[in-house]
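1. show me how the following folds:
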Amino acid sequence: MNHLDTSISHITTENGNVFEDLGFKPIEATKLKIKAQLMCQISEWIKNKSLKQEEASNLLHVTRPRISDIMTGKSNKFTIDALVDMVERTGKHITIQVN
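-> Numbers count the residues shown, from 1 in each chain. Sure, this is the predicted structure:
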């Protein structure tokens, strides 16, 4: 019988970037983190409103398959601009902080 090592070997810090930890180059990791944060905001909004994908697509002015892509985390199908537009349509506003 094979034994799986379930010990934790690395933890990403709270303000860290899991994408960098996975080996992405810093610039790409930053973009992926931004997309993930935006997509999380949209999917949480959809869940909190108990919206069906068709309803969400109408409110966000995108197709139903685009909502499915959001809900399944397919960030490669979106630009940051498109995600920002959708977040704004949820009634939330985006602020940028540069460190």
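
2. pretty sure Val84 is touching Lys92, no?
-> No. Val84 lies out of contact with Lys92 (CB atoms under 8 Å); the separation is 10.3 Å. The C-beta positions use only the backbone N, C-alpha and C, and glycine is treated the same way.

3. quickly list what's touching both of those two.
-> Common contact partners of Val84 and Lys92 (CB atoms under 8 Å, 6 or more residues apart in numbering): none.

4. tell me, what residue is most central in this protein?
-> Ala36 (2.4 Å; CA atoms, centre = their mean).

5. ok, that one touching Asn76?
-> No. Counting by CB under 8 Å, Ala36 sits too far from Asn76 to count as a contact (11.6 Å).

6. which parts of this protein are helices?
-> Applying DSSP state H to the chain gives helices spanning 18-21, 26-48, 53-60, 64-71, 80-89.

7. which of these sits closest to Asp5?
-> helix 18-21 (18.0 Å; CB to CB).

8. packing partners of that closest one?
-> helix 26-48 (3 or more CB pairs under 8 Å, 6 or more residues apart in numbering; DSSP states H and E).

9. circling back: would you mind giving the helices of the chain as TSV with mean pLDDT added?
-> Converted to TSV, the helices of the chain look like this (pLDDT from 0 to 100):
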stretch	mean pLDDT
helix 18-21	83
helix 26-48	95
helix 53-60	97
helix 64-71	97
helix 80-89	97
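
10. can you redo those helices as JSON lines with distance to Thr6?
-> Putting the helices of the chain into JSON lines (distance: least, CB to CB, whole Å) gives the following:
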{"stretch": "helix 18-21", "distance to Thr6": "18"}
{"stretch": "helix 26-48", "distance to Thr6": "25"}
{"stretch": "helix 53-60", "distance to Thr6": "35"}
{"stretch": "helix 64-71", "distance to Thr6": "29"}
{"stretch": "helix 80-89", "distance to Thr6": "34"}
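
11. closest to Val98 out of these?
-> helix 26-48 (11.2 Å).

12. which strands and helices lie in contact with that closest one?
-> helix 18-21, helix 53-60, helix 64-71, helix 80-89.

13. tilt between that helix and helix 80-89?
-> With axes from the mean of the first three to the mean of the last three CA atoms, to 10 degrees as the basis, helix 26-48 and helix 80-89 are set at 30 degrees to each other.
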